[in-house]
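Trainee: next input, structure requested:
(chains A and B)
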Amino acid sequence: MKKILIGLLSIVLFSCQSGEEIKSLLIEAESFDEKGGWSVDPQFVEQMGSPYLIAHGMGSQVEDASTSFMIEEKGTYHVWVRTKDWAPGNWEAPGQFKVSVNHMELSTILGTREEWGWQYAGNIKLEKGTNTLGLIDLTGFNGRCDAIYLSQHKKEPEQDNAKMVQWRQKLRNESSNSSDKKEYDLVITGGGLAGCAAAIAAAEQGLKTALIHDRPVLGGNASNEIRVHTLGIYGHFERILKMIDTEHYPNGSPKAAQEDEKRLKNIQKYKNIDLYLDWRAHNANSNDNYISHVDARHNQTGERIRFKAPYFVDCTGDGWIGYWAGAERMYGRESSDTYDEHWEQHGELWSPEKADNFVMGSSLLWRSHKVDSTYVFPEVPWAMDVVGGYAAKEGSWKWEYSDNDLHQVDDAEQIRDHMLKAIYGSFYNEKQKAGNDSLSLEWVGFLLGKRESYRLVGDHVYNFNDVKNNVAFRDSVVVEERAVDVHFQQYLEKAHKPDFLSEALFYRSGRYYVPYRSLYSKNINNLFMAGRCFSCTHLGLGGPRVMLTTGQMGAAVGYAASICKKYNVKPREVYEKYLDEYMALVLSSDKHK
Amino acid sequence: MGVYKEYICLFLWISGGLLIPGMSQNREDKDLVLGIPEEKFAHPLYLVGQKTDSAFYYSRIFTPVCDDSVCNLVKLDVYWNLAGKYLSFDTVPGFPLTKNDHQLFVTRDYEKLHSILQDEYSVLSRIEKNELVQTNKPEKQDGVDGYSGATAKELKQDVVEGASFSSFTLWNLVNGDVREIIRKNTIKQYLPKIEQQLLKSHDSDMVLLALKNWNKEDYCSRFDVILELIKRGDALVNFYILKNLQGDILRDKSNQQSIKNIMPQLDEYTRAFIKKYVDTK
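Mentor: This is a model prediction of the structure:
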């Protein structure tokens, strides 16, 4: 992989210089040859423009990242670094770092500007040929570096986010088209439980399937990167789901890594699933309400592929494929009368009289343990406004953040950073207690575990009444028994509670069913969806949002795609014309293979 | 707790149970809300003192509590506020509470039961009865996202030791469907005294129950009441109010000025909250 990276980087640099008056080059941090202790964070590409490197050291400096690059013309180069102070205030920025060029540190401390943008690091003389660049973490508290720009002219790089995409493409000498094209029967974007189940079901029915996932491991919220265990029942798809589920270990457990291995091995058994790990979809093109292709980019190398298929599945959780393709979508808590979802038991907390955006929030899990020696944890003044005197030594599902004025997609980085402050601040307070000298942070997630986001609108919008009345649809393909639970922030009722803790409201209803008609788009004719972006209301999501249930959705969609292919029909026509055959396939799932 | 705060502070311990003065004495002034047992709540339910400043609901519940093999009969007087929130209970002479092994509850057991019943988001809301006996397994350590598998640790906090089935049964009875029945009845019986009591309460549920009856004209004509409520800094109430204040009401310059005038009296959080909706410059 390293050779490929160096090769690509060189091409980029040569290309950048040819035909450019100003000798300049752009180095994407996520493309560094050696990441050291830095991690690639691709969660917020749509908001800030790129995957970036983050020094997630839980308060301990991470190892340096480094890369080599070619210079065609020797001279003095000015160095800018695209970065952000993620907790600006009257204290030193938490995520500080420096840049080194050819092992010489530039003196400027980076990570200290508010909002994403270029920070000037200094200038350096460079010789023609191979040079090296390093990122030196100074704090261990989530310093972040998106890219490094070197130029012989001291002209600030493009700061405008809107113009940034074209500016970057130009510097990287990229056209707007992907050079590599792949064709499949089914393209699934999102490798959480829903995407994995969809891929297996489709592959078993003979479909040539692409599974695109923006992380290096499968599993989404169940992966070792987020560590939520799978909940719900298996429904009609026990055999498939047991290939990708988890044990019921405590959330945050490192046992999630074993489940990642199991999941990957089981997916790789299918020769007709092409797995694209660490590839992030960034576009879906549609004409006349049909998606023609999905474009994806490798998070680290920047390579791009265009995926063509007659059918697509959106398992991204946030409904990105649907969004790019122009699918109808929903967000927020519907007013109680929109779908008649009022429940007097919990009034406004359950379903608001007027619609709002107080959706269920996102979580970061974390845990600590005692070690053999004293563990020093630095002061975290930038976190204390969030936590006050609150102290804790581990997280749970209740560590969750939502605010009516923060969007779970658009403001996701702010939400994640708020949770980081909550964790570090609470742990700092815990460390001040007697007997906690050896208490050490064991693991803190940095990828948000989202509960709720955009939902794509299907022919049926699944809602609370479907649960309450236990409606058995003709096309019931998903079955669940767990109580519907929706969350709210504790401070809404108890002012003294910190704003990052949630509480849950439960409605027990016995067995309930999700119809197939909630799993394909109402207006994009070849788009399925499975996972939390299925067609439902806020309350409709409350029950089936857990991962075995979303896995059921995926499997149901995988089978539906096989019927679509067999008869060359739209997803809707499976319901209208081939429902008996489809339901027979679903109901016999556990007998297949 | 609002008007009941004084009651809660004045627990009297009689026969091992909780007796809240005022409540037991005032029970004569009561209106039957639910006389015919129904599936959701099979006990007579009364609204007591609805023409006073301190109305509440009361029921004498009589229910079997069963584990796998044995059933005990439990008789208990239970009190709720006007929004269906549990307030307290009182034992009935001749019916002391007992544990699984028939030992009598002692004072600390009654105290713990009271605190369990007060916790409307107890783990008991999300488990099935059969899970009461499964929670010692190590893999059930984290009851996440709610439902499946409560932790042994959580459950220990949320049941009276040796009386887990009683705790479970009583919690679900006291915090279950009766809450909805009470809330609907309060709305139906919406008298001036009731509204006054709801609005004075520091329980957000009580206040919201009153505000749900307001229309746009009420918000205009009783803007002084709204300002008083905002000053209290209850996040849920303020969120609800501010959603309803959008539009004409806020365009009214005198209303805007009134809000600006109270800003210095508000806590930082409420100020920030209001600034999201109102231009306070």
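
Trainee: quick one: strands adjacent to whichever helix or strand A:K182 is part of?
Mentor: Element membership for A:K182 (DSSP states H and E) is strand A:180-183. Strand pairing for strand A:180-183, determined by DSSP bridges: strand A:304-308 (parallel).

Trainee: which residues does stretch A:484-496 contact?
Mentor: A:349-350, A:358, A:360-361, A:398, A:400-403, A:451, A:464, A:467, A:497-499, A:501-509, A:538-539, A:542-543, B:126, B:145-147, B:204, B:233-236, B:239, B:269 (CB atoms under 8 Å, 6 or more residues apart in numbering or on different chains). Yep, even glycine has a C-beta here, placed from its N, CA and C like the rest.

Trainee: send the alpha carbons of that stretch over as PDB?
Mentor: Only the C-alpha atoms of stretch A:484-496 are listed here, as PDB (Å, rounded to 0.1, in the frame of the first residue of the first chain):
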ATOM      1  CA  VAL A 484     -40.200   1.300  21.400                       C
ATOM      2  CA  ASP A 485     -37.900   3.700  23.100                       C
ATOM      3  CA  VAL A 486     -37.200   7.300  22.300                       C
ATOM      4  CA  HIS A 487     -34.700   9.400  24.100                       C
ATOM      5  CA  PHE A 488     -34.700  13.000  25.500                       C
ATOM      6  CA  GLN A 489     -32.000  15.000  27.200                       C
ATOM      7  CA  GLN A 490     -32.200  14.800  31.000                       C
ATOM      8  CA  TYR A 491     -31.800  18.500  31.600                       C
ATOM      9  CA  LEU A 492     -35.100  19.200  30.000                       C
ATOM     10  CA  GLU A 493     -36.700  17.800  33.100                       C
ATOM     11  CA  LYS A 494     -34.000  18.200  35.600                       C
ATOM     12  CA  ALA A 495     -32.100  21.500  35.300                       C
ATOM     13  CA  HIS A 496     -29.100  20.300  37.300                       C
END
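
Trainee: hang on, the earlier thing: could you list which of the contacts of stretch A:484-496 belong to helices?
Mentor: Among the contacts of stretch A:484-496, the members falling in helices (DSSP state H) are A:349-350, A:464, A:467, A:538-539, A:542, B:204, B:235-236, B:239, B:269.

Trainee: need the buried ones from those selected in ChimeraX.
Mentor: To isolate the buried members of these in ChimeraX, using 16 or more other CB atoms under 10 Å in any protein chain shown:
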select /A:349,350,464,467,538,539,542 /B:204,235,236,239
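
Trainee: mind putting the ones in helices among the contacts of stretch A:484-496 into TSV with pLDDT and distance to A:A412?
Mentor: Below are those laid out as TSV (pLDDT from 0 to 100; distance: CB to CB, whole Å):
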residue	pLDDT	distance to A:A412
A:L349	96	24
A:W350	97	25
A:F464	98	26
A:V467	97	28
A:H538	98	18
A:L539	98	23
A:G542	97	21
B:S204	94	29
B:A235	90	23
B:L236	93	25
B:F239	91	22
B:Y269	72	23
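
Trainee: any chance of the ones in helices among the contacts of stretch A:484-496 in TSV, plus distance to A:M553?
Mentor: Shown next, in TSV, are the ones in helices among the contacts of stretch A:484-496 (distance: CB to CB, whole Å):
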residue	distance to A:M553
A:L349	27
A:W350	24
A:F464	18
A:V467	15
A:H538	17
A:L539	17
A:G542	15
B:S204	36
B:A235	35
B:L236	33
B:F239	32
B:Y269	39
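
Trainee: which two from the ones in helices among the contacts of stretch A:484-496 end up farthest apart in space?
Mentor: A:V467 and B:Y269 (34.5 Å; CB to CB).

Trainee: got the buried residues for the strand holding A:K182?
Mentor: A:K182.

Trainee: identify all contacting residues around that strand.
Mentor: A:210, A:274, A:293, A:303-309.

Trainee: can I get that strand in PDB, CA atoms only?
Mentor: Below are the C-alpha coordinates for strand A:180-183, written out as PDB (Å, rounded to 0.1, in the frame of the first residue of the first chain):
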ATOM      1  CA  ASP A 180     -12.300   3.700 -13.000                       C
ATOM      2  CA  LYS A 181     -15.800   2.300 -13.700                       C
ATOM      3  CA  LYS A 182     -17.300  -0.800 -12.200                       C
ATOM      4  CA  GLU A 183     -20.700  -2.400 -13.000                       C
END
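
Trainee: returning to what we had before: between the ones in helices among the contacts of stretch A:484-496, which is closest to A:E581?
Mentor: Nearest to A:E581 among these: A:V467, at 27.8 Å, using CB to CB.

Trainee: for that closest one, which non-adjacent residue is closest in space?
Mentor: A:Y512 (4.5 Å; CB to CB, 6 or more residues apart in numbering or on different chains).

Trainee: that neighbour and B:L82, how far apart?
Mentor: 32 Å (CB to CB, to the nearest Å).

Trainee: out of these two, which sits in the busier spot?
Mentor: Between A:Y512 and B:L82, counting by other CB atoms under 10 Å in any protein chain shown, B:L82 is the more crowded of the two (29 against 22).

Trainee: so A:I71 sits against A:T132, correct?
Mentor: No: the pair A:I71 and A:T132 fails to qualify as a contact (CB atoms under 8 Å) at a distance of 11.0 Å.

Trainee: when these two are compared, which one has more neighbours?
Mentor: Using other CB under 10 Å as the criterion, A:I71 and A:T132 rank with A:I71 on top: 18 against 14.

Trainee: so what sits opposite the more buried one in the bridge?
Mentor: Where A:I71 sits in a bridge, its partners, by DSSP bridges, are A:G129.

Trainee: near chain B, which residues of the stretch 201-350 of chain A? Just list them.
Mentor: A:228-229, A:231-232, A:247-251, A:343-345, A:347-349 (CB under 8 Å from any CB of the partner chain).

Trainee: how about B:D252, what does it touch?
Mentor: Applying CB under 8 Å, 6+ apart, we find B:D252 in contact with B:C220.
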